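Asks: Any chance you can model this:
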Amino acid sequence: MTSLQEIINAAKIGENTDWEFKSARGGFPGSFWETYSAMANSEGGKIVLGVKEASSRAILDGLTESDITKYKKILWDGLNDRGTVSINLLDNNSVETIAHEEKFLLLVTIPRASRLQRPVFLSRNPFGNTYRRYEEGDYRCDDEEVRRMFADAQSVPADNRLLRNFSMADLDQPSITQYRQRLRAVKGDHPWLNLGDRELLEQLGGWRKDRSTGEEGLTVAGLLMFGKDSVIRDPNAIPSYFVDYREKLDPAIRWSDRLYPDGTWEANLFQFYSRCWPKLSLALPVPFALEKGIRQDETPAHEALREAFVNAIIHADYTAPGGVVVERYPDKFIIENPGVLLVSLEQYRSGGVSECRNKALQKMFLMIGGGEQAGSGAYKVRTGWLSRNWRTPRIILRPRPDRVSLVLPMISLIPAETRERLHGIFGTMLESMNPSEQQALATADIEGQVSNVRLQELTSDHPVEISRMLQRLCEKGWLVSDNRRRWTTYKLPHEQKQLSLFSSSPGESSQKADSTHIKQDLSHNEPSLLHNEPDSAHNMNNDLDKLAATIARKQRATPASIRATILTLCQGRYLSAKELASLLKRNSAGLRSRYLAPMVSEGSLKLRFPDKPNHVDQAYTAS
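Replies: This next block holds a predicted model:
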């Protein structure tokens, strides 16, 4: 049973479960059915009748006992009427009556519909009457979204479809040969290696015979894995197919490397995997380790990254726009695929449930050492990433078009540079915070925002405790909420109230620091660290030592003040990253990635060698 207090808490915060509150004092709300459809087609949720929403608040106005009896009958009648809704997902435990003084609330818990039950739609026509949930609102699905739901609901995997009028001649022979070599390296003398190409494809699911019609031929999986690029994108095959690998290692240039179907290679999935994986693998550090006297070139992090990469390929909906996109940054990977998750987010995170959109592709990659089949892929990614003490991978679901994005950060839970920035904002107060509070602030700094759900991935705290902690940080002015309640995110108060520019000295009390932090407003016009030393700023060529001493005394500065100082130092002269790092008492690599490269990208700094960003004598100027 759900308690009244749980409902009140949800009305205040509700970040963990999707809640919808409806007054219902004027009758059973017709919008109930749209929300039922939307929640069922999304991640599920709870609808409370007897609660009115106003000005981002939920007010309990309650229902009478006769209202409850009447509304329950309307609810069950509608659930069992296919003219109202396509399927009843509820049982008796899904509907609860909750007493509140002399009033009552009706709580309806709606589960996430399985892929076989979707789309859940109203009336008898799915087109125009199917809804999905995005953040706090219900939106009507377009016809293409509905068709993809029906496609996912098929018992036959998407990549098992026979392609009529396609043949072995449409495949890239070198890809098949290279696959055989990879199969031999992984499986040794596997009996399938003695088969001909077509027979091998049959075993892998790339060629099949429809026994009901006697028709046989290439499957979608066979063409995707081994096909010629132009054939794959044939209007009668997979016209939306696209794969893209992008390296963004230097913000000053758009791509430092890119691999996409440009006509210079056969861009099937096997070739994409074979060419892309070495680039990804080389980006991960390999500590020296021996096993039975043999150096090990792969770590659990490598296995996690490969699992994430292969998962995107085998779970992609190749009928949806956007394609598979893999991006490498200096401090993270982002791997995206088109389509929706076929399991709930809870099932995805906990593992053990396997729902693969392209089972033949899954088998093909499994045979050459890529991918898991037992629903443990997400767990393997998470544990492998945490083996390096990096931040937990984050999954992001985006609608219209549907995309699943996995972000794999290559930074620690609280990097030294982040801790330094937080010290610059909060001073000695930072050390008085508990680990969860520090993690919340660090996540807001690193990822741009923090939420209850994200902290559940990073800490072992209960969601209710996380909510209380976030509220506490907001009350102190250390975080700023966007007040969206059920999808609330929190940010550092850079553009609201800000803590003092420099950290408190050890002798200052936290009470003094607490009273100071509201006073300083650091906008983009914040003065540089040199505002008390005007002569030094105008005579840099002759007085760099004095400047360095000035900066060293105030080295715990905010990001805005560091940027302003860099502009002052670089005015009328070129300084290298090493020189700037020495003056600012910071790590040169961190200074380059955090400040210099973004400032070049936005145009506030210029390179000495703009056509050669990695030039050994590269330097920066503000003039």
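
Asks: The stretch 1-150 of the chain: strands as residue ranges?
Replies: All strands of the stretch 1-150 of the chain, identified by DSSP state E, counting those that start in this stretch, fall at 19-22, 45-49, 51-54, 57-60, 95-100, 103-110, 131-134, 137-140.

Asks: between those strands, which gets nearest to Phe365?
Replies: Closest approach to Phe365 among the strands of the stretch 1-150 of the chain (C-beta to C-beta): strand 131-134, 30.1 Å. For glycine as for every other residue, the C-beta is placed from the backbone atoms N, C-alpha and C.

Asks: strands paired with the closest one, and their directions?
Replies: strand 137-140 (antiparallel) (DSSP bridges).

Asks: I'd like the strands of the stretch 1-150 of the chain as JSON lines, with mean pLDDT, mean neighbour count and distance to Ile253 appended.
Replies: JSON lines is the format used below for the strands of the stretch 1-150 of the chain (pLDDT from 0 to 100; neighbours: other C-beta atoms under 10 Å; distance: least, C-beta to C-beta, whole Å):
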{"stretch": "strand 19-22", "mean pLDDT": "86", "mean neighbour count": "23", "distance to Ile253": "46"}
{"stretch": "strand 45-49", "mean pLDDT": "91", "mean neighbour count": "23", "distance to Ile253": "44"}
{"stretch": "strand 51-54", "mean pLDDT": "74", "mean neighbour count": "16", "distance to Ile253": "48"}
{"stretch": "strand 57-60", "mean pLDDT": "70", "mean neighbour count": "16", "distance to Ile253": "49"}
{"stretch": "strand 95-100", "mean pLDDT": "89", "mean neighbour count": "16", "distance to Ile253": "58"}
{"stretch": "strand 103-110", "mean pLDDT": "93", "mean neighbour count": "21", "distance to Ile253": "48"}
{"stretch": "strand 131-134", "mean pLDDT": "91", "mean neighbour count": "21", "distance to Ile253": "35"}
{"stretch": "strand 137-140", "mean pLDDT": "88", "mean neighbour count": "15", "distance to Ile253": "38"}
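
Asks: Take those strands and write them to CSV, including distance to Glu420.
Replies: Shown next, in CSV, are the strands of the stretch 1-150 of the chain (distance: least, C-beta to C-beta, whole Å):
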stretch, distance to Glu420
strand 19-22, 39
strand 45-49, 41
strand 51-54, 42
strand 57-60, 39
strand 95-100, 49
strand 103-110, 46
strand 131-134, 37
strand 137-140, 40
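
Asks: Glu202 is nearest to which of these?
Replies: Short answer: strand 131-134, nearest of these by C-beta to C-beta, at 38.4 Å.

Asks: before we move on, back to that, mind checking which of the strands of the stretch 1-150 of the chain is nearest Phe333?
Replies: Per C-beta to C-beta, nearest to Phe333 of these: strand 131-134, 25.7 Å.

Asks: Kindly export that closest one (C-alpha atoms) in PDB.
Replies: Extracted in PDB, the C-alpha atoms of strand 131-134 (Å, rounded to 0.1, in the frame of the first residue of the first chain):
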ATOM      1  CA  TYR A 131       0.400   8.700 -26.600                       C
ATOM      2  CA  ARG A 132       3.800   8.700 -25.000                       C
ATOM      3  CA  ARG A 133       5.300  10.400 -22.000                       C
ATOM      4  CA  TYR A 134       8.100  12.900 -22.200                       C
END
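
Asks: what's in contact with it?
Replies: 18, 34-35, 37-39, 41-43, 45, 121-122, 138-141, 145, 399 (C-beta atoms under 8 Å, 6 or more residues apart in numbering).

Asks: Could you tell me which of those belong to helices?
Replies: Glu34, Thr35, Ser37, Ala38, Met39, Glu145 (DSSP state H).

Asks: Columns neighbour count on top of the residues you listed, output as a markdown table?
Replies: Converted to a markdown table, the ones in helices among the contacts of strand 131-134 look like this (neighbours: other C-beta atoms under 10 Å):
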| residue | neighbour count |
| --- | --- |
| Glu34 | 17 |
| Thr35 | 21 |
| Ser37 | 29 |
| Ala38 | 25 |
| Met39 | 28 |
| Glu145 | 20 |
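
Asks: Please tabulate these in CSV, including the columns distance to Lys612 and pLDDT.
Replies: As requested, the ones in helices among the contacts of strand 131-134 are arranged in CSV below (distance: C-beta to C-beta, whole Å; pLDDT from 0 to 100):
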residue, distance to Lys612, pLDDT
Glu34, 57, 96
Thr35, 57, 95
Ser37, 57, 97
Ala38, 53, 95
Met39, 54, 94
Glu145, 47, 94
